[in-house]
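**Q** Build me a model:
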Amino acid sequence: MTLATPEHIELPIEGMTCASCASRIERTLNKLDGVTASVNYATEKATVEFDAARVKPDALVEAVEQVGYSVRVPAAEAAEVADDPAAALRRRLIASAALSLPVLLMGMISALQFTYWQWLALQLATPVVLWGAWPFHVAAWKNLRHAAATMDTLISLGTLAAWGWSVVALFFLGAGATGMKMPFQLTPSRTGASDQIYLEVASVVVTFLLAGRYFEARAKRRAGAALRALAELGAKDATIVDADGTERRIPIEQLAEGDVFVVRPGEKVATDGVVVDGRSAVDQSLLTGESVPVEVGPGDDVAGATVNAGGRLVVRARRVGADTALAQIAQLVTQAQSGKAPVQRLADRVSAVFVPVVIAIAVGTLGYWLGSGAGVTFAFSATVAVLIVACPCALGLATPTALLVGTGRGAQLGILIKGPEILESTRRVDTIVLDKTGTVTQGAMSLAEVVVVPGVDRLEALRLVGSVEHASEHPIARAIASAAQRAGDLAAVESFRSRDGLGVEGVVEGHALVVGRPALLSEWGLELGPELERAVADAQAAGRTAIAAAWDGEARAVFVVADSVKPSSAEAIAELKRLGLRPVLLTGDNEPAARAVAAEVGIDEVVADVLPADKAAVVRGLQEQGAVVAMVGDGVNDAPALAQADLGLAIGTGTDVAIEASDLTLVSGDLRAAADAIRLSRRTLATIKGNLFWAFAYNIAALPLAAAGYLNPLIAGGAMAFSSVFVVSNSLRLRGFKPRRL
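**A** The predicted model follows:
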């Protein structure tokens, strides 16, 4: 019996205010039959995989709404422009700050406490506590109806308790008396009078919390800016060419596969396609992070959202919509940001039980101080401080915000991290295995050297041999022909004949040419002289391919062809070594060729003559020796090894199979990006751990201080708001990550 493939959906969730909310929604969804869900507080989305035969999307939405939160289905979300959540918070913050400041000043400075000042403070503080903190009260009430408690429960209880105590004290306990004075104390007094009021605490704490929420919302929006910018990179319209040659402008949504469109200088390429006509330089930095434009011409692929920096191009669309490289990159980044790193599991477990535990501590604090004979005011003050200071927001934001920024920055640099669990792997890796062809080398043959006998002009030899090779499709022939074309115009070839496995024959400008293996020349009775034989031997010793050429009845030249090393490979290997990694070159090529490439780039260990099917076995063997292995490759034959490795890095210019099997994708194809990817991943993981440390340290230090009565509720509110802002701001530092390759 075949199991149905689970369907995938992302639900944007409204109303989450802390990590406890996310944990609660996640538990609710996972209770449904056939559902696996992960809720991310930073991105405010639930990523759900479900069995469509057992549960419908409507049931998912209903489950979330039943626990007090709202959901917009993705289609509806795309159709409407989302409001900036920071805008409403900003309005509440400005009004609350304006009303709270006089209350704070009167409560702290005795000289400002004029007759009946306390009644003015009540009038100013009440709108702040009831209107400014309204979102906290609403969320707390919704959770209470579902027998749940979140951070909003703590805030609502704390601020309403401080305000309610003040109202009772003003009306019934003598605090409203004429000439009442109230000195400000940094720590509560254990013998405080019962007519003490906390209006400045109630109003200023609300202002602090609104400020924290506002800056948090802004920071979270900035954290996701990279992904939003990525999604907005594409062209908005395209100029298509009709069958009769007329050009017309259409919205990008109407562009179909197979359409021919024009890209003028300075315009963005509308979608992924192949160049039909024209030559230009295309700036791919938006997708790959590489600053140097790439020359393209007829037959070359171009990606949507790249910029035409030179001449006019005519392109045939090959992929549109969700199939384009840009859309797939955005999808990969979204998936990575929606997941959870293993390091987050502890924070999730703590957040799930944190609020009920804090409420229990607050009740215990109140009971303890009342039972020990301390004043009612002191006991109440310590209880309020416990409720306010113990916000689990920083814990909930520690991991997702760092992931949000780190993966977004990676996407800007052409580094795609497939999932948050990959970050742990990069920290442990100590050995990096590199495929040779297409990874360390260009993956395409190029002419390395031309050796001619005395009396033969090198450029003339290249022109004649390039002319006859131009008629062949063999990779070696194409390498020689391409070099000849760059040197000048080619001549026409007559009587062309290809000899499979040996070479080619033909007549160019009256010269009868034989080009190929020395064995082909031997068939014609042509012998290589000592100089040419030495060139062939040297080439073979270096692992290169030597092609002999003869014309007019005499062997006259040897063309040495090789897969050249990428200009950046040596620098990349040096950087990988600086990161503490041991590089190993893995290839199916012969030992001399592999050793020559390894020596050129600075690799000491070489595993050569490996069949494609055996590459995974080599990786497995290294793992059995105790190594934690990263594998970098680009071809179909690298896919098993990429999957076997502890960390797989695919060159983005390689095959789809290799990319699918990898954990990290290097869009640019530059090997230096491998070192950048590992550096970025390690730095993101370090940021997550730093965030978690400070979030835990804050709560571990602040809760006992508050319960012991050493923390003024006013200070507690400011500290709680600062902790969340600190965690998000620390994560935002990842936006400044600089790659070494630029």
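**Q** Report pLDDT for residue 741.
**A** Residue 741 is assigned 59 on the pLDDT scale.
**Q** likewise residue 472?
**A** 81.
**Q** Endpoint to endpoint, stretch 432-444 covers what distance?
**A** 23 Å (CA to CA, to the nearest Å).
**Q** Return the set of buried residues in it.
**A** 432, 433, 434, 435, 436, 437, 438, 439, 440, 441, 442, 443 (16 or more other CB atoms under 10 Å). Heads up, the C-betas are built off the backbone N, CA and C, glycines and all.
**Q** what distance separates it from the centre of its chain?
**A** Centroid separation between stretch 432-444 and its chain, computed with CA atoms, centre = their mean, to the nearest Å, is 25 Å.
**Q** Check stretch 463-472 too.
**A** With CA atoms, centre = their mean, you get 47 Å for stretch 463-472.
**Q** residues making contact with that stretch?
**A** Stretch 463-472 has contacts (CB atoms under 8 Å, 6 or more residues apart in numbering) with 477-478, 480-481, 483-485, 487-488, 490-493, 496, 498, 504-506, 508-509, 511, 513, 515, 549, 551, 557, 559.
**Q** can you confirm residue 514 is in a strand?
**A** Yes. Under DSSP: H, G, I helix; E, B strand; the rest coil, residue 514 sits within a strand.
**Q** The residue nearest to it when sequence neighbours are not counted: which element?
**A** Distances taken as CB to CB, 6 or more residues apart in numbering place residue 550 nearest to residue 514, at 4.9 Å, with adjacent residues excluded. Using DSSP states H and E, residue 550 maps to strand 545-551.
**Q** so where's the stretch 251-400 of the chain uncertain?
**A** The stretch 251-400 of the chain contains residues with pLDDT under 70 at 284-292, 325-326, 328-352, 391-397.
**Q** What ranges does it have for its strands?
**A** 260-263, 272-277, 280-283, 294-296, 301-302, 307-308, 313-319 (DSSP state E, counting those that start in this stretch).
**Q** Can you convert those strands into CSV and add a column each for mean neighbour count?
**A** Shown next, in CSV, are these (neighbours: other CB atoms under 10 Å):
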stretch, mean neighbour count
strand 260-263, 22
strand 272-277, 19
strand 280-283, 20
strand 294-296, 16
strand 301-302, 18
strand 307-308, 22
strand 313-319, 20
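**Q** okay, the ones you listed in CSV with distance to residue 713 next?
**A** Shown next, in CSV, are those (distance: least, CB to CB, whole Å):
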stretch, distance to residue 713
strand 260-263, 62
strand 272-277, 58
strand 280-283, 56
strand 294-296, 61
strand 301-302, 61
strand 307-308, 55
strand 313-319, 59
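**Q** Quick one: closest of those strands to residue 202.
**A** strand 307-308 (55.0 Å; CB to CB).
**Q** now for the closest one, which elements pack on it?
**A** Applying 3 or more CB pairs under 8 Å, 6 or more residues apart in numbering; DSSP states H and E, we find strand 307-308 packed against strand 280-283.
**Q** Apart from its chain neighbours, what residue comes closest to residue 181?
**A** That would be residue 113: by CB to CB, 6+ apart, it lies 5.5 Å from residue 181.
**Q** residues contacting the one you found?
**A** 106, 180, 181, 182.
**Q** secondary structure class for the second one?
**A** Pointing back at residue 180 there. Strictly by three-state DSSP, residue 180 counts as coil.
**Q** burial count for it?
**A** Neighbourhood size, residue 180 [other CB atoms under 10 Å]: 18.
**Q** what's the distance between the nearest residue to it once chain neighbours are set aside and residue 201?
**A** If the residues on either side of it in the chain are set aside, residue 180 comes closest to residue 118, at 5.7 Å by CB to CB, 6+ apart. Computed as CB to CB, to the nearest Å, the residue 118 to residue 201 distance reads 14 Å.
**Q** Which one of these two is surrounded by more residues?
**A** Under the criterion of other CB under 10 Å, the comparison of residue 118 against residue 201 puts residue 201 first, with 30 against 24.
**Q** Shouldn't that one be within a helix?
**A** Yes. Counting by three-state DSSP, residue 201 is found in a helix.
**Q** thinking it is in contact with residue 384, fair?
**A** Yes. Residue 201 is in contact with residue 384 according to CB atoms under 8 Å; the separation is 6.9 Å.
**Q** Mutual contacts of those two, please.
**A** Contacts common to residue 201 and residue 384, judged by CB under 8 Å, 6+ apart, are 162, 713.
**Q** picking that back up, now, of the contacts of stretch 463-472, which are buried?
**A** 477-478, 480-481, 483-484, 490-491, 493, 496, 498, 504-506, 508, 513, 515, 549, 551, 557, 559.
**Q** Next SSE downstream of the lowest-mean-pLDDT helix or strand in the chain?
**A** Ranked by mean pLDDT, DSSP states H and E, the weakest helix or strand in the chain is helix 74-79, scoring a mean of 42. Helices and strands here follow DSSP H and E; after helix 74-79, the next one along the chain is helix 85-108.
**Q** What is that following helix packed up against?
**A** By 3+ CB pairs under 8 Å, 6+ apart, helix 85-108 packs against helix 117-127, helix 199-223.
**Q** How far off centre is it?
**A** Distance, centroid of helix 85-108 to centroid of chain: 36 Å (CA atoms, centre = their mean).
**Q** Relative to residue 737, how far out is the most centrally placed residue in the chain?
**A** By CA atoms, centre = their mean, the mean C-alpha position of the chain lies nearest to residue 407, the distance being 1.6 Å. Per CB to CB, residue 407 is found 11 Å from residue 737.
**Q** Now for those two: what residues contact both?
**A** By CB under 8 Å, 6+ apart, no residue touches both residue 407 and residue 737.
**Q** ok, back up a step: let me see the mean pLDDT of the strand holding residue 550.
**A** 89.
**Q** buried ones in that strand?
**A** Those would be 545, 546, 547, 548, 549, 550, 551, for strand 545-551 by 16+ other CB under 10 Å.
**Q** Let me have these in JSON lines, extended by distance to residue 427.
**A** Shown next, in JSON lines, are these (distance: CB to CB, whole Å):
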{"residue": "545", "distance to residue 427": "42"}
{"residue": "546", "distance to residue 427": "46"}
{"residue": "547", "distance to residue 427": "48"}
{"residue": "548", "distance to residue 427": "53"}
{"residue": "549", "distance to residue 427": "54"}
{"residue": "550", "distance to residue 427": "59"}
{"residue": "551", "distance to residue 427": "61"}
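**Q** Nearest to residue 690 among these?
**A** residue 545 (52.5 Å).
**Q** contacting residues for the spatially closest residue to the closest one that is not a sequence neighbour?
**A** Taking CB to CB, 6+ apart, and ignoring the residues beside it in sequence, residue 545 has residue 561 as its nearest neighbour in space, at 4.7 Å. By CB under 8 Å, 6+ apart, the residues touching residue 561 are 445, 446, 447, 448, 476, 479, 480, 544, 545, 546, 547.
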